[in-house]
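>>> one predicted model, sequence on top.
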Number of protein chains: 2
Amino acid sequence: MRHGHKWGNKLRGCGFRLTIGREAIVDILSHTNSHMSAEDIFFALHADSPNIGLTTVYRTLELLEKNGIVSKYEFGHGRAKFELTEAYGNKPHHHHLICRKCGTIIDYSDFMEDELAYLKKTEAGLGKKYKFTIHQHSISFFGICEKCGAS
Amino acid sequence: MRHGHKWGNKLRGCGFRLTIGREAIVDILSHTNSHMSAEDIFFALHADSPNIGLTTVYRTLELLEKNGIVSKYEFGHGRAKFELTEAYGNKPHHHHLICRKCGTIIDYSDFMEDELAYLKKTEAGLGKKYKFTIHQHSISFFGICEKCGAS
DNA sequence: ATTGATAATGAAAACCATTTTCAATAAGGT
DNA sequence: ACCTTATTGAAAATGGTTTTCATTATCAAT
Ligand SMILES: [Mn+2]
Ligand SMILES: [Mn+2]
Ligand SMILES: [Zn+2]
Ligand SMILES: [Zn+2]
């Protein structure tokens, strides 16, 4: 449907327009469970919307990120990866395991209770000591995935 | 001194040669307490070693990283930053607070006991559940530093 | 010390993800 | 439908990093 999307309302509320391209891009993101690069999205888009340029994909992702609709990750394999945020997608709060060999990214939501306890204490302490206003945290583990074999 | 460096022995042991450039670069890194980009190092180098090219800086940093002598960080401000690792530098295990406005990076080593406890449990659990061999972790907090003012 | 195999280097060019430019187009309030 | 202006696509520019390649330096063997 053209109206009624939470993300659409958010953009509208900020004075941005709801365009075909933006809808198509959010649609791609909300129907995948992988982390896509701008180019990934551009190609996925080409099947149904061959007229949307890569430039628009980049611009849209930037807009969506600035409005808290997508998260941008730079895991170090050259290109940035994107996924809908918890608030606008369906994936719960999670972090990542990144394979150094094949680049596979595994989402995990385990031990979140422990994380919460640890973060709550740490963020409070750091914020106070360094007079730093923490907006978000990033926790990632790097190593070798099952398929690539341990070593 | 030309010989006797731990990092030099490490490289030697792996069949690499000890060159003027590599020494100068490690020297820069071991005499700073900030996180330097390849270009930062290149310019810092130019005072005493104006004949070392930026290409060599990049190549050396890659070599040092692959041998566990420096850590490479991509905090998302365009250029990668480097610092000596705990094993080869003098900075203890730490993580970072990154200001979204000015890019300032604050090292912190607080609450490491809590972190250790949290990580030990989490890494063990994740490794087992996802058959993933964890080599390293990354924990970072993003927000606004004192100078840039909270908002 | 000299030699020789080859690892390392600098300069310039290539690379490549992302950004900028700019004229054309489309969104949406009227 | 109309008008204002946000948005778009294509092409060019950007900028950090990598590659190429001919020259130089390291270091083990002599
Ligand atoms: Mn994810
Ligand atoms: Mn640091
Ligand atoms: Zn893998
Ligand atoms: Zn700041």
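Good, I have the coordinates. Residues are numbered from 1 along each chain as shown, chains lettered A, B, ... in the order given. Ligands and ions are numbered 1, 2, ... in the order given.

>>> which bits of chain A sit near ligand 3?
With Cβ under 5 Å from the ion as the criterion, chain A comes near ligand 3 at residues A:99, A:101-102, A:104, A:145, A:148. For glycine as for every other residue, the C-beta is placed from the backbone atoms N, C-alpha and C.

>>> at 6 Å what do you get?
Taking Cβ under 6 Å from the ion as the contact definition, chain A meets ligand 3 at A:99, A:101-102, A:104, A:145, A:147-148.

>>> put together TSV for those, with secondary structure on each row.
Conversion of those to TSV gives the following (DSSP: H, G, I helix; E, B strand; the rest coil):
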residue	secondary structure
A:Cys99	strand
A:Lys101	coil
A:Cys102	coil
A:Thr104	coil
A:Cys145	coil
A:Lys147	coil
A:Cys148	coil
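
>>> so which of those residues comes closest to ligand 2?
Within the residues of chain A next to ligand 3, the smallest distance to ligand 2 is 24.2 Å, found for A:Cys99 (Cβ to the ion).

>>> the closest one touches A:Phe141, doesn't it?
No. In this structure, A:Cys99 is not within contact of A:Phe141 by Cβ atoms under 8 Å, at 10.2 Å.

>>> what touches both of these two?
Listed contacts common to A:Cys99 and A:Phe141 are B:Phe132; contacts here mean Cβ atoms under 8 Å, 6 or more residues apart in numbering or on different chains.

>>> neighbours of the one residue in chain A that gets nearest to DNA strand D, how many?
For chain A, the residue positioned closest to DNA strand D under Cβ to the nearest atom of the strand is A:Thr56, at a distance of 2.6 Å. Look at A:Thr56: counted by other Cβ atoms under 10 Å in any protein chain shown, it has 20 neighbours.

>>> please report how far it lies from chain B.
To chain B, A:Thr56 is 22 Å away according to Cβ to the nearest Cβ, to the nearest Å.

>>> just A:His5 next, same as before
27 Å.

>>> just confirm that residue contacts A:Arg22, I think it does.
No. If you go by Cβ under 8 Å, A:His5 and A:Arg22 don't touch, sitting 10.0 Å apart.

>>> which one's more surrounded, those two?
A:Arg22 (22 against 19).

>>> find me the pLDDT at the residue of chain A closest to DNA strand D, would you?
Model confidence at A:Thr56, expressed as pLDDT, equals 98.

>>> next up, the contacts around it.
When the contact criterion is Cβ under 8 Å, 6+ apart, the partners of A:Thr56 are A:Gly21.
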